[in-house]
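**Student:** Have a look at this prediction, sequence included:
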2 protein chains.
Amino acid sequence: MYERKIAIDDQCGLDLLREVLNGKWKFHLLWYIGNGVQRPSELARKIPEAARRVLNMQLAQLEEHELVSKKVYHQLPLKVEYSLTEKGQSLLPLIGALGYWGDDNRDFLQRVIGKTNRFSSPAVAV
Amino acid sequence: MYERKIAIDDQCGLDLLREVLNGKWKFHLLWYIGNGVQRPSELARKIPEAARRVLNMQLAQLEEHELVSKKVYHQLPLKVEYSLTEKGQSLLPLIGALGYWGDDNRDFLQRVIGKTNRFSSPAVAV
DNA sequence: CGGTATCCCTCGGGATACTG
DNA sequence: CAGTATCCCGAGGGATACCG
């Protein structure tokens, strides 16, 4: 992955940051963790649309990229807690800003998104 | 695309926003356009890693999502200018914040990204 | 100059099932 | 409870070549 690393070295922060935040649920994970949701099962309940496996993968990446840290309690039943690192913390306000922007512009967003896929509506069952 | 629209309706702004900002170069495009880069060719020069076709596609999406507007001058040689809409404008500070964060943490980012793909380095030629 | 048409191929991420 | 192993699919996006 990341085949053409060559270019990345003198790139703008936006590029670098994208590498790290790439992943469908990264923002959500960071946000929830930063707001006190630490257990994997809780996170999964907060983001029911995502498969557990995917969440785990993205959590692993976030951990490797040092935005979250993972604490494992070797007991039964097993217990795991995620938390933000310093860097992760410092990213929180930005994610919050994005989220709030989205909330504030929910109507707008739903409208313009709807434009793109009028066809998807037939979706029926759960 | 966007198969399971059903879920999106009562979702948080982060989800909605993601739908609209999804795309490898959207942030860059918005940022550059918001900073006065309006001609397609200029944008392409600013983002040389991206294929023209891809930029055009993402620009089209941004336009459809009403974050940028496109002005075509029917003259020869052809001339096109992109600019941000109100909504696009209001998004700029957030993108800026992300970019600045990335710049401020360039060393950190390069390090942690490097961790993930030590193997990619053999990349030789341009 | 600006844009589109093909072709292709990676890989993110969903479903399912199994292990400690 | 937490996590991994397979399997699979679609779309995002890169390369190349061609039009107005």
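**Tutor:** Happy to help now that I have it. Numbering: from 1, shown residues only, chains lettered A, B, ... in the order given.
**Student:** Show me which residues of chain A are close to DNA strand D?
**Tutor:** A:39-41, A:52-53, A:56, A:59-60, A:70, A:72, A:77-80 (C-beta under 7 Å from any atom of the strand). No exception for glycine: its C-beta is placed from N, CA and C like everyone else's.
**Student:** can I get the residues you listed in CSV with distance to residue B:35 and secondary structure?
**Tutor:** CSV is the format used below for these (distance: C-beta to C-beta, whole Å; DSSP: H, G, I helix; E, B strand; the rest coil):
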residue, distance to residue B:35, secondary structure
A:39, 42, coil
A:40, 41, helix
A:41, 44, helix
A:52, 41, helix
A:53, 40, helix
A:56, 39, helix
A:59, 35, helix
A:60, 36, helix
A:70, 39, strand
A:72, 45, strand
A:77, 53, coil
A:78, 50, coil
A:79, 48, strand
A:80, 43, strand
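**Student:** Let me know the closest of these to residue B:33.
**Tutor:** Set against residue B:33, the nearest of the residues of chain A next to DNA strand D by C-beta to C-beta is residue A:59 (34.2 Å).
**Student:** before we move on, back to that, lowest-confidence member of the residues of chain A next to DNA strand D, which is it?
**Tutor:** The member of the residues of chain A next to DNA strand D with the lowest pLDDT is residue A:77, at 86.
**Student:** I'd like to know how many residues surround that one.
**Tutor:** A count of neighbours around residue A:77, defined by other C-beta atoms under 10 Å in any protein chain shown, yields 5.
**Student:** contacting residues around it?
**Tutor:** Applying C-beta atoms under 8 Å, 6 or more residues apart in numbering or on different chains to residue A:77 gives no contacts.
**Student:** on that earlier part again, highest neighbour count among the residues of chain A next to DNA strand D?
**Tutor:** Neighbour-wise, the residues of chain A next to DNA strand D (other C-beta under 10 Å) top out at residue A:59, 22 neighbours.
**Student:** Out of the residues of chain A next to DNA strand D, the closest to chain B would be?
**Tutor:** Minimum distance to chain B across the residues of chain A next to DNA strand D is 10.4 Å, recorded for residue A:60 (C-beta to the nearest C-beta).
**Student:** Can you tell me the element residue A:82 falls in?
**Tutor:** strand A:79-84 (DSSP states H and E).
**Student:** could I get that strand in CSV with only the CA atoms?
**Tutor:** Below are the C-alpha coordinates for strand A:79-84, written out as CSV (Å, rounded to 0.1, in the frame of the first residue of the first chain):
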residue,chain,number,x,y,z
LYS,A,79,-11.4,-6.1,28.9
VAL,A,80,-9.9,-3.5,26.5
GLU,A,81,-9.9,0.3,26.7
TYR,A,82,-9.0,2.7,24.1
SER,A,83,-8.0,6.3,24.7
LEU,A,84,-6.6,9.2,22.8
